[in-house]
Every structure is written in C-alpha cells, then in structure tokens.
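Engineer: Give the three-dimensional model of this entry:
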Amino acid sequence: MSDETEKSVLIITYYWPPSGGSGVQRWLKFVKYLPTFGYTPYVFTPENPAFEIKDESLVKDVPPQAEVLHFPIWEPYHLFTKLAGKKPGDKNITVPKPDSLFKKVSIWIRGNIFIPDPRIFWVRPSVQFLQDFIREKKIRTIITTGPPHSVHLIGRSLKKRNPSLRWIADFRDPWSEWFLLDTLQVGWLARKIHKHLERTVLQSADRITTVTPFYVRHFQRLGNRAVSLLTNGYDEEDFEDFTYMPTEKFIIRHVGKVVEECDPLPFMEAVAALCKSNNALQRAIRIDFVGQVNEPFKEYVRQHQVLQSVVTFTPMVSHKEVIGLYAQSNVLLLILSGYKDAEGYMPGKLFEYCATGLPILGVGPEAGDAAQLINSLKCGIMVSEKESEKMEKAILQYFNTWASGVTELHTHTEQYSRKAITGQLTELLSSP
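Structural biologist: Sure, this is the predicted structure:
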C-alpha cells in the first residue's frame, strides 16, 4: 500500500462552508492544515443543508488539496418551514419556539421520532455512495464529527462493512446527556434509543476524540474506554494583521449566540450596580453583544432603566469582521452561566479571545475547563455568577486600567494554534 494511500483521510461532516458559526471551523481548520503534514483530505458534506448561519468568508480556508464531495440530503426542516410559512433561510428553524400547537407538535416529533436527529435520512444513501468511493480511492481512515450525531451512524455502518477501515469519531458536544434533549422534550423511550446508539458508536470506533477535558471524562465514563483530547484553537493566519485600536468608549464585547439556556443576567446586574454608583463608568462603558441574541434578553435590556443606554446589539457578521471587532474591544466577555455542565464548556471563540492578547472576563464555574485555560495562559479571570462583588471588582479594575490609558496585552502560546492542534491530530492518525 502506498504512503499516499496511508495518508489519505475522509472527513464526514454536516457543517462546511458556506455554513458559518463555530461548529464548522473545527474541521475546516483541520482540513486546512492537514496537507502541511503530508495528508490528503477528502470531505463529504451535504449538498443542500438546512443550516441557519452562512459565512462566505470561510470558503477561502478550504485548501486546494482537499477534494470536497457534496452529496444531496433530504431533511424534514424543509417540510416544516413550508408548513410554517417560513422561507428556507429564515432563522431559528432548528428548534422552533413552542408558542403554538403546531410548533409544540413539531418539537415533540423532532425530539422523539427523528432519532438521533433529523439528518438521519442522510445516513443510508451516504453509506451506499461512500462504500464505492472508499474502495475507489483506497481510503483507510475516516473521521466523523457530530453533532449532528447521525453522522456517526454513517461511520458505524462503513466500519461494519469494512472492518479494516480505521474510524475516528469526534464529539464536539455530548449526545445522550446533551441539554438539547431537554429542550426537545425527549421522552424516556427516545432517550433509551439515544443511549443505545451512542454506546454502539463509542464501542465500534477505533478512536474517540472530543473538545474539552470534561468531555474526555464524560465519554470515558459512557464508553468505558480511552478518549483523546483535541481542543479547538485559533488560526494564526486570522491574526497576522491584528492590531489593537484604542477606543473612545470602554467596550466590553461578547461574541457569539446568546441562547435561552445562557444566563447573562448576573453579569448585567453587576454592570447596572456599578453604573449607579460610578458616573464616570456609566458615561464610558459599552457592552456589545455580537451575533444572535434571544428576544427575552433583548427585551430585558430595553426595559432596564440603566442598561438600555449602555448595551448595544451588533447583528451577526462574518468571521473576518469578528476579528476586526476584537481589535476594537477593551475586554472580551465569556458567559457560561446557565448552561448545563458549564464546567466542561470551552467554546471555540475562547481560543480566539486568548489570541487577541486582550483581557478576558468570564462568568461561570471558577474550576471549569475554561477557567483553567484562562488561568494557565494568564489572560483574564473567571468569576462565578454568584460572586457579584467579585464581578464588579473585576469590571472596575479593567475600567480603571483603560481610563489610565494603559493597554496591557498578554502573550499567548502557540500550543492552541490550529496548526499545532492539527499536528496532534496527525499523531493520532499515524499511531497504531
């Protein structure tokens, strides 16, 4: 068998440019840097997926060495949007709000009928197509990444048909114990099926990888086997021209979705309390939320006597524009309060936050994975949502530093660059 064949790898992923958001960047960046280590990547992805976020700027990161196969997919989302009177590009089609009988029924059907998720209809035709493709290209290694976790079922079927095929299953989120199952009102029988499918994947794959130390322990417990850590990271090329820009206002910026599970209220209450007691801070501070924000939180801000004048909402922008907004910030805000298993949540944007050199103010578990990363790189502070005085003290300290005209940029290490983490991936690919 040739070395070229040995160094070919097939990545099966639902999210791929022009899909946007953090979920697509993990394997996009791996694919970008795999050729640097001598690997030829093939990518298998849907031709017509029903994702909510588009970001055309990410297409530039697809390397010319990668062969991308777009394969048709049928998803019930298209039927739902038609019945609901929505257009395919409308937002929030993934988990509709249960504000009508139709939507309540839709949520229940999605959670209890389409198991493990509505992309299940893509599994069988994908397996049939890839069976021939793998044989033709003499591919010996495949990687599946979920969610959606139905993608792992493609890997499971291919492994069953080809026992010598090496399969790595990558988990960006939990499966049977994911908080999304609560949102979807998943019943006991459906949960039992989820657990069974998850167990078969954990037992069948040659290797399991995941994104945080917490999830390593989580899947080790569920699968009773070793699990490898491959964190997310930042792309050094994205920050080649990064230059901090002094601002007229004291800007604390949060980048990313504020979903209904997220609880920014403890932080906002700390800001409001400081504004009431410190006129200089109230005149200078701006809290900017970039990306999709749930409507109840927006309404809370609009109705708040103090916060309505200091909080702004910036619509979703491209990843390239996000880098520019980092440069126009004084503090980067990370809110983990409200999430289930928040101690294990280490979002991709955190690594980009670290790459900027700007101070990070996190609100969440002080002993969680994100806190350990921040502490190890000495790039900010994580404060429990219960520690309002400590939160106010941190905000005030950062404000006073800004007001004095001092800009303190920390240095980051290269161990969390996308290229370095791709190197860790290739070590797994080359190991027995």
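Engineer: just for the stretch 101-250 of the chain, where's the confidence low?
Structural biologist: By pLDDT under 70, the stretch 101-250 of the chain contains no weakly predicted segment.
Engineer: quick one: the strands in it?
Structural biologist: Taking DSSP state E, counting those that start in this stretch as the test, the strands found in the stretch 101-250 of the chain are 141-146, 166-171, 207-210, 228-229, 250-255.
Engineer: Strand partners (parallel or antiparallel) of the last one?
Structural biologist: The reference is to strand 250-255. Strand 250-255 has its sheet partners listed here by DSSP bridges as strand 285-290 (parallel), strand 331-335 (parallel).
Engineer: Now do it: everything it contacts.
Structural biologist: Identification of contacts with strand 250-255 by Cβ atoms under 8 Å, 6 or more residues apart in numbering yields 264, 281, 284-291, 322, 325-326, 328-335, 349, 361, 395, 398-399, 402-403. Backbone N, C-alpha and C define where each C-beta goes, glycine included.
Engineer: continuing past that strand, what's the next helix or strand?
Structural biologist: helix 265-277 (DSSP states H and E).
Engineer: Please compute how far that next one lies from its chain's middle.
Structural biologist: Distance, stretch centre to chain centre, for helix 265-277: 28 Å (Cα atoms, centre = their mean, to the nearest Å).
Engineer: re earlier: out of the strands paired with strand 250-255, which one sits most buried?
Structural biologist: strand 331-335 (a mean of 23; mean count of other Cβ atoms under 10 Å).
Engineer: List of residues touching it?
Structural biologist: Contacts for strand 331-335 (Cβ under 8 Å, 6+ apart): 251-255, 258, 262-264, 267, 287, 326, 347, 349-350, 353, 356, 358-364, 370, 380, 382, 395, 398.
Engineer: In PyMOL, select just the buried ones from these.
Structural biologist: Only the buried entries of these go into this PyMOL selection, using 16 or more other Cβ atoms under 10 Å:
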select buried, resi 251+252+253+254+255+258+262+263+264+267+287+326+347+349+350+353+356+358+359+360+361+362+363+364+370+380+382+395+398
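Engineer: Find the nearest non-adjacent residue to residue 159, please.
Structural biologist: Spatial nearest neighbour of residue 159, excluding adjacent residues (Cβ to Cβ, 6 or more residues apart in numbering): residue 167 at 4.6 Å.
Engineer: doesn't residue 161 make contact with the one you found?
Structural biologist: No: counting by Cβ atoms under 8 Å, residue 167 stays clear of residue 161, with 11.3 Å between them.
Engineer: Who has more neighbours out of the two?
Structural biologist: residue 167 (24 against 12; other Cβ atoms under 10 Å).
Engineer: Quick check: that one vs residue 177, distance?
Structural biologist: From residue 167 across to residue 177, the span is 22 Å (Cβ to Cβ, to the nearest Å).
Engineer: same check, this time on residue 155
Structural biologist: 20 Å.
Engineer: quick one, which of the two is more surrounded?
Structural biologist: residue 155 (28 against 16).
Engineer: what sits against the more buried one?
Structural biologist: Going by Cβ under 8 Å, 6+ apart, residue 155 touches 12, 142-144, 167, 169, 201, 205.
Engineer: can you pull the contacts of the nearest residue to residue 242 once chain neighbours are set aside?
Structural biologist: In space, and not counting its chain neighbours, residue 242 is closest to residue 327: 6.0 Å by Cβ to Cβ, 6+ apart. Counting by Cβ under 8 Å, 6+ apart, residue 327 makes contact with 242-245, 356.
Engineer: What's the mean pLDDT across the helix or strand containing residue 351?
Structural biologist: Secondary structure from DSSP H and E places residue 351 in helix 348-356. When pLDDT is averaged over helix 348-356, the result is 94.
Engineer: Run through the bridge partners of residue 46.
Structural biologist: Assigned bridge partners for residue 46, using DSSP bridges, are residue 71.
Engineer: Touching, it and residue 72? I think so.
Structural biologist: Yes: Residue 46 is within contact range of residue 72, at 7.4 Å (criterion: Cβ under 8 Å).
Engineer: More neighbours: which of those two?
Structural biologist: Neighbour totals were compared for residue 46 and residue 72, and residue 46 leads with 21 against 11 (other Cβ under 10 Å).
Engineer: Read off the pLDDT value for that one.
Structural biologist: 95.
Engineer: quick one: it and residue 127, what's the gap?
Structural biologist: Taking Cβ to Cβ, one finds residue 46 at 14 Å from residue 127.
Engineer: what ranges do the helices span in the stretch 51-200 of the chain?
Structural biologist: Secondary structure of the stretch 51-200 of the chain (DSSP state H, counting those that start in this stretch): helices located at 76-83, 101-112, 123-137, 150-161, 180-183, 188-204.
Engineer: Mark out where each domain of this protein begins and ends.
Structural biologist: 3-233+417-430, 236-403 (automatic domain parsing).
Engineer: So for residue 409, which of the ones you listed sits nearest?
Structural biologist: domain 236-403 (3.5 Å; Cβ to Cβ).
Engineer: if we look at the strand or helix carrying residue 389, which residues are touching it?
Structural biologist: For residue 389, the enclosing helix or strand under DSSP H and E is helix 388-403. Contacts made with helix 388-403 from outside it, assessed by Cβ under 8 Å, 6+ apart, are listed as 250, 252, 266-267, 269-271, 273-274, 278, 280-281, 284-285, 330-331, 359, 361, 363, 381, 383-385, 408.
Engineer: This completes my enquiry, with thanks.
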